[in-house]
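Peer 1: generate a structure from the sequence data that follows.
(2 chains)
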Amino acid sequence: KAGVTQTPRYLIKTRGQQVTLSCSPISGHRSVSWYQQTPGQGLQFLFEYFSETQRNKGNFPGRFSGRQFSNSRSEMNVSTLELGDSALYLCASSLVRKGAEAFFGQGTRLTVV
Amino acid sequence: KNQVEQSPQSLIILEGKNCTLQCNYTVSPFSNLRWYKQDTGRGPVSLTIMTFSENTKSNGRYTATLDADTKQSSLHITASQLSDSASYICVVSAVGTGGGSQGNLIFGKGTKLSVKP
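Peer 2: The predicted structure follows:
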């Protein structure tokens, strides 16, 4: 059974640009959540989607957005990139059930210069 | 405020030795507690997940304990190996009102473990 797949693995962008990251969940998992991980803050929840609808949202500015497609694949978009957006962005998929275990992808390492 | 605190922040041990990592939380209402292992540059991998009624759970050389009364958990690693070098993250799930299954996860900042030969 294939795991959670994130693309690309590495990305370098300049300030002001926008970026789109992709996540393919484990087959059968309809919930996809996104996290930002930085050395200082650890893992922070961005948002969660299932059934193509955002279900939960963390405390991030509106520059961070996402969407989910009918096949449960999800994309995350960051507009007007800032240096502080440099981080490892992780996607996790799970069953749609309270307390369901989350399975993480390898992450996309975004560097903003 | 829901918080998860882990200690120590970092730890160096010799191969073959045991170690214990700590996690204290102030999350309410509590749903479950998870320990993840994260190798550098990779995504976290689940080690254990415990609900309120479980006091201990093992996964090979990893044993997690949970004291829901004192809101403390520990992860004990037995006979450490070089491959145990990683960050260990404690994650507490709160019972939330949101419609999702992951939106109420509160993450600790992790303990960075280095196992030396």
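Peer 1: any weak-confidence spans in chain A?
Peer 2: A:1 (pLDDT under 70).
Peer 1: taking it, what residue is nearest to chain B?
Peer 2: Relative to chain B, the nearest point of chain A is A:N56 (2.5 Å; Cβ to the nearest Cβ). C-betas here are computed from N, CA, C, even on glycine.
Peer 1: and the helix or strand hosting that residue, what does it pack against?
Peer 2: A:N56 is part of strand A:53-57, with elements assigned from DSSP states H and E. Strand A:53-57 is packed against strand A:42-50, with contacts defined by 3 or more Cβ pairs under 8 Å, 6 or more residues apart in numbering or on different chains; DSSP states H and E.
Peer 1: point out the residues in chain A that sit beside chain B.
Peer 2: A:4, A:6, A:31, A:33, A:41-45, A:47-48, A:50, A:55-58, A:88, A:90, A:92, A:94-107, A:109 (Cβ under 8 Å from any Cβ of the partner chain).
Peer 1: what ranges do the strands span in chain B?
Peer 2: B:4-7, B:10-14, B:19-25, B:30-38, B:45-51, B:56-59, B:62-67, B:72-77, B:86-94, B:105-107, B:111-116 (DSSP state E).
Peer 1: the shortest one and chain A in contact?
Peer 2: Yes: Strand B:105-107 comes into contact with chain A (Cβ under 8 Å from any Cβ), by way of B:L105, B:F107.
Peer 1: now the nearest residue to B:G43 once chain neighbours are set aside: how far from B:L105?
Peer 2: Leaving aside its sequence neighbours, B:G43 sits nearest to A:F104 (Cβ to Cβ, 6 or more residues apart in numbering or on different chains; 3.5 Å). Counting by Cβ to Cβ, to the nearest Å, the gap from A:F104 to B:L105 is 12 Å.
Peer 1: when those two are compared, which one has more neighbours?
Peer 2: B:L105 (28 against 22; other Cβ atoms under 10 Å in any protein chain shown).
Peer 1: what bridges to that one?
Peer 2: B:L105 forms beta bridges with B:S93, as assigned by DSSP bridges.
Peer 1: rewinding a little: name the residues contacting each of A:F104 and B:L105.
Peer 2: Among the neighbours of A:F104, none is also in contact with B:L105 (Cβ atoms under 8 Å, 6 or more residues apart in numbering or on different chains).
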